[in-house]
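kindly generate the corresponding structure for this input.
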Amino acid sequence: EGLGTLRAMKKLYLDNNAITVVEGLESIKALEELHISNQRLPVGASLSFSPATLSSLSRSLSILKCSGNALDDLSPFCYLPNLQDLDISKNNVYQLDTLADLLGACSGLEQLDTRENPVCKAPKYREMMLAASSSYLVMLDARETSDKERIFLQNLQANKKLRKLRTDDLQDDNEYDAAVQGLLRKQ
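As a prediction, the model looks like this:
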C-alpha cells in the first residue's frame, strides 16, 4: 500500500514478507525490477499476481526474482514479454510444457533459474529447455548456454518430429493399403 505516489520507481525489493497476492503496482509504470522471493505464505498457498498488476508490469518489468513462493502455475509470467532475467527457483513447477510456453512468450529471456523445482528432475530437462529457448538465453539454472548447443538440440528435436511425421504417414498409408486390400478380397 502507498506505492501509488512512487510512479518513477525502477526497483522494488519485497523479499521475505508475507505477501500472498502481488497487487497495487498499477501506477508504477517504470518498474524494471521486482524482487519478491521467499514470502511467508500460509500452508498450501502460493504467491499470485493480480491481472491489473501483471498488465501494468508487462510494459516495463525486465527482472523478476520470485524464488521460494510455492509457484506451480507459470502462465501469468507469459504476460511479461520484456522479461530478461527470471528466477523461479525453489517453487513447485512440475510441467515442462508450462516452461516451454514461458520461453516462447518471453523470447528475450537471457537468464532463467528453475533450480530446485520438481520439473528439473525430468529426463533430459536441460536439453528440452534449451531446444525451446531463443538465442537470447545465455544462462539456464546458473549454467551458461551456447548457441552451438542450442542449435544442435533444436535440430535434433526437429529431426525427431520429422521422423515421427514420416512414421505416422507411413502407418496411415499402410492402414489405407490394408483397407483397400480387405475391400478387394471381399469382391
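
switch to C-alpha atoms for all contacts and neighbour counts from now on
Will do.

the protein: helices as residue ranges?
51-57, 96-105, 125-132, 147-186 (DSSP state H).

to L140, which of these lies closest?
For L140, the closest of these is helix 125-132, at 8.0 Å, according to Cα to Cα.

how about the closest residue to L83 other than its chain neighbours, what does it touch?
The shortest distance from L83 to any residue other than its chain neighbours is 4.0 Å, reached at S62 (Cα to Cα, 6 or more residues apart in numbering). The neighbours of S62, taking Cα atoms under 8 Å, 6 or more residues apart in numbering as the test, are E32, E33, N82, L83, Q84, D85.

who wins for most neighbours among those?
L83 (27 neighbours; other Cα atoms under 10 Å).

and the gap between it and L74?
13 Å (Cα to Cα, to the nearest Å).

if we can go back for a sec, return the distance of the residue nearest to L83 relative to Y79.
S62 sits 12 Å away from Y79, going by Cα to Cα.

residues contacting A52?
A52 sits in contact with E23, E26, where contact means Cα under 8 Å, 6+ apart.

hang on, I meant N82
S58, R59, S60, L61, S62, C106, G108, L109.

ok, and the closest non-adjacent residue to the fourth one?
Beyond its immediate neighbours in the sequence, the residue positioned closest to L61 (Cα to Cα, 6+ apart) is E32, lying 4.1 Å away.
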